[in-house]
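In: Here is a sequence with its predicted model. Questions after.
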Amino acid sequence: MPTLLLRFPGGRYHATPWGHHVNEGQIEWPPSPWRLLRALLATGYATLHWPNDFTTESAPPPLAVSLIQRLASVLPSYHLPPVATGHTRQYQPMAVIDKAQGKEKTTLVFDTWAKVGDGELAVTWDIELPDAEAALLGELVARLGYLGRSESWVVCRLAA
């Protein structure tokens, strides 16, 4: 059974649930299966140089399609580290001058996260992978650099 072990070097996991705006302050914890599979595909395109002109000829390689379909066929189980939630509120400049007040306009931006510290998230799929798919999964997992938003750095490995 493939098991991903994920650590977040920044101690935080940043991800906004599908269908929500970042300024709603919601956190997708744990990461949805859809987010995990999408991250694996993105890693293949970014680091394994899969064709990316998005024509039918540039679909992921057949082995990757098979791997993703197999993982998508079952819901994973999770072992969650303890987390706490947090956020900051920042007023970011908009590069527009408010003529009435004579100063630059700003907009309020929320940065919401799950504080995972040095905890480790485990995600397990109750399936068996053929050797070639397991090897590809290992290659993708080793190259995964973030999960969720770009500031959500991750170090990922397969459990033995």
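Out: Cool, got the structure. Numbering: from 1, shown residues only.

In: If we go by neighbour counts, what in the longest helix along the chain is buried?
Out: Identified as the longest helix of the chain according to DSSP state H is helix 33-47. Across helix 33-47, burial judged by 16 or more other C-beta atoms under 10 Å covers 33, 35-37, 39-41, 43-44. Every C-beta, even on glycine, is put in place using the N, C-alpha and C of the backbone.

In: List of residues touching that helix?
Out: 4, 15, 18, 28, 50, 52, 60-61, 64, 67-68, 71-72, 75-76, 123, 137, 140-141, 143-148 (C-beta atoms under 8 Å, 6 or more residues apart in numbering).

In: could you redo the last one with a cut-off of 6 Å?
Out: With C-beta atoms under 6 Å, 6 or more residues apart in numbering as the test, helix 33-47 has contacts from 50, 52, 64, 68, 71-72, 76, 140, 143-144, 147.

In: any idea of the mean pLDDT in that helix?
Out: When pLDDT is averaged along helix 33-47, the result is 95.

In: So among the contacts of helix 33-47, which ones count as buried?
Out: The buried subset of these - by 16+ other C-beta under 10 Å - is 64, 68, 71, 76, 140, 144, 147.

In: and of the residues you listed, the nearest to Val109?
Out: Nearest to Val109 among those, counting by C-beta to C-beta, is Leu147 at 21.0 Å.

In: Let's have the buried ones among the contacts of helix 33-47 in JSON lines, adding secondary structure.
Out: Listed next are the buried ones among the contacts of helix 33-47 as JSON lines, based on DSSP: H, G, I helix; E, B strand; the rest coil:
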{"residue": "Ala64", "secondary structure": "helix"}
{"residue": "Ile68", "secondary structure": "helix"}
{"residue": "Leu71", "secondary structure": "helix"}
{"residue": "Pro76", "secondary structure": "coil"}
{"residue": "Leu140", "secondary structure": "helix"}
{"residue": "Leu144", "secondary structure": "coil"}
{"residue": "Leu147", "secondary structure": "coil"}
